[in-house]
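Q: give me a 3D structure for the following:
(chains A and B)
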There are 2 protein chains.
Amino acid sequence: MPHPVKKRHTGCPVAFALDTFGDRWSLLIIRDIVLKGSKTYGEFLEASEGIATNVLADRLKELESAHILVKSRDPNNHRRYFYRLTEKGIDLVPVILEMIQWSAKYDPQTKARKEVLSKIESDRQGFLQEIRERLRES
Amino acid sequence: MPHPVKKRHTGCPVAFALDTFGDRWSLLIIRDIVLKGSKTYGEFLEASEGIATNVLADRLKELESAHILVKSRDPNNHRRYFYRLTEKGIDLVPVILEMIQWSAKYDPQTKARKEVLSKIESDRQGFLQEIRERLRES
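A: Numbering: from 1, shown residues only, chains lettered A, B, ... in the order given. Just a heads-up that it's a prediction; the model follows:
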């Protein structure tokens, strides 16, 4: 499936961000890694709201070529790959946290977890650090 | 132009955020209001990277029905409308600031302005407050 949006680099930082990870599915894949600990193609397929296999494969490839994800072989199963966030990908966590706070405030049906929200509010830097360390070790 | 992505409400705050404003054009319209002070259809058409008139009209309608924008008649020209961000829309500014910081770090061709970046880094809360006040008064 080709990307529906024509990308034109204008130097605008908001456009650059949207061009790189602003596709809905791309950010849901990143969410699954950050919040659910997903690592494999099968886990993404299960976690992301009904993502089609071809769309998933396409987005993983795009995120890899944007150096947001890296792929490595599972040492125990050479036919399976693990996907991890790079430092560039990990640096997207603050964007995701802001989205979570915004939705928690405005979505009456939100399932944002209370303990996550209170961690973001009471100790944002500490919580970010905790997530970063977990992702680097994964 | 129909929205290309099927929206399914799962309660996930990241999916909710993406469903509400995650379309590339929607966020570029919000960027134009926040950073360029755009207010009218004509200004959005000019500012947003080659947005088509039907896409612009569609996104303005969506943002209005999501209560992110409000539309009011220009008192000096009854055939023209002004678009402003609601409080719900203004609360998206932190998401945009995080995107700006991320892009400034990773886009070698970034045009993110140095004085904006240093304000975000040195006094994020004060800068946010300054933007909020400007948007409320506009």
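Q: rest of the way, CA atoms for contacts and neighbours
A: Fine.
Q: for chain A, what helix or strand is lowest in average pLDDT?
A: For chain A, using mean pLDDT, DSSP states H and E, the weakest element among its helices and strands is helix A:13-21, scoring a mean of 87.
Q: and that one with chain B, contact?
A: Yes: contact of helix A:13-21 with chain B is found when judged by Cα under 8 Å from any Cα of the partner chain, involving A:Pro13, A:Val14, A:Ala15, A:Phe16, A:Ala17, A:Leu18, A:Asp19.
Q: farthest pair within the residues you listed?
A: A:Pro13 and A:Asp19 (9.8 Å; Cα to Cα).
Q: who has more neighbours, those two?
A: Between A:Pro13 and A:Asp19, counting by other Cα atoms under 10 Å in any protein chain shown, A:Pro13 is the more crowded of the two (26 against 16).
Q: confirm for me that that one is in contact with B:Ile96.
A: No: with contact defined as Cα atoms under 8 Å, A:Pro13 does not count as touching B:Ile96 (9.2 Å).
Q: what helices and strands are in contact with the top strand by length along chain A?
A: The residue-count maximum for a strand in chain A (DSSP state E) belongs to strand A:77-85. Counting contacts by 3 or more Cα pairs under 8 Å, 6 or more residues apart in numbering or on different chains; DSSP states H and E, strand A:77-85 packs against helix A:24-36, strand A:69-74.
Q: buried set for the first one?
A: For helix A:24-36, a neighbour-count test (16 or more other Cα atoms under 10 Å in any protein chain shown) marks A:Arg24, A:Trp25, A:Ser26, A:Leu27, A:Leu28, A:Ile29, A:Ile30, A:Arg31, A:Asp32, A:Ile33, A:Val34 as buried.
Q: out of the residues you listed, which is nearest to chain B?
A: Nearest to chain B, judged by Cα to the nearest Cα, of the buried residues of helix A:24-36 is A:Arg24 at 6.1 Å.
Q: mind listing what the closest one touches?
A: Under the criterion of Cα atoms under 8 Å, 6 or more residues apart in numbering or on different chains, the neighbours of A:Arg24 are B:Ala15, B:Leu18, B:Asp19, B:Gly22, B:Asp23.
Q: residue contacts, the residue sitting nearest the centre point of chain A?
A: By Cα atoms, centre = their mean, chain A has its centre lying nearest to A:Ile30, at 1.1 Å. Neighbouring residues of A:Ile30 by Cα under 8 Å, 6+ apart: A:Leu85, A:Gly89.
Q: need the pLDDT of it.
A: The model reports A:Ile30 with a pLDDT of 95.
Q: what does A:Val93 give?
A: pLDDT, A:Val93: 96.
Q: show me the shaky parts of chain A.
A: Along chain A, segments meeting pLDDT under 70 span A:1-8, A:48.
Q: near chain B, which residues of chain A are found?
A: By the rule Cα under 8 Å from any Cα, the part of chain A lying against chain B is A:8, A:11-19, A:22-24, A:28, A:31, A:49, A:88, A:91-92, A:94-96, A:98-104, A:106-107, A:109-112.
Q: using CSV, write down the CA coordinates of whatever helix or strand A:Glu64 lives in.
A: For A:Glu64, the element it lies in under DSSP states H and E is helix A:53-65. Output of helix A:53-65 as CSV, limited to C-alpha atoms (Å, rounded to 0.1, in the frame of the first residue of the first chain):
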residue,chain,number,x,y,z
THR,A,53,-0.5,-7.5,7.3
ASN,A,54,0.6,-5.6,4.2
VAL,A,55,0.2,-2.2,6.0
LEU,A,56,2.2,-3.5,9.0
ALA,A,57,5.0,-4.8,6.8
ASP,A,58,5.1,-1.5,4.9
ARG,A,59,5.1,0.6,8.1
LEU,A,60,7.8,-1.5,9.7
LYS,A,61,10.0,-1.1,6.6
GLU,A,62,9.4,2.7,6.6
LEU,A,63,10.2,3.1,10.3
GLU,A,64,13.4,1.0,9.8
SER,A,65,14.5,3.2,6.9
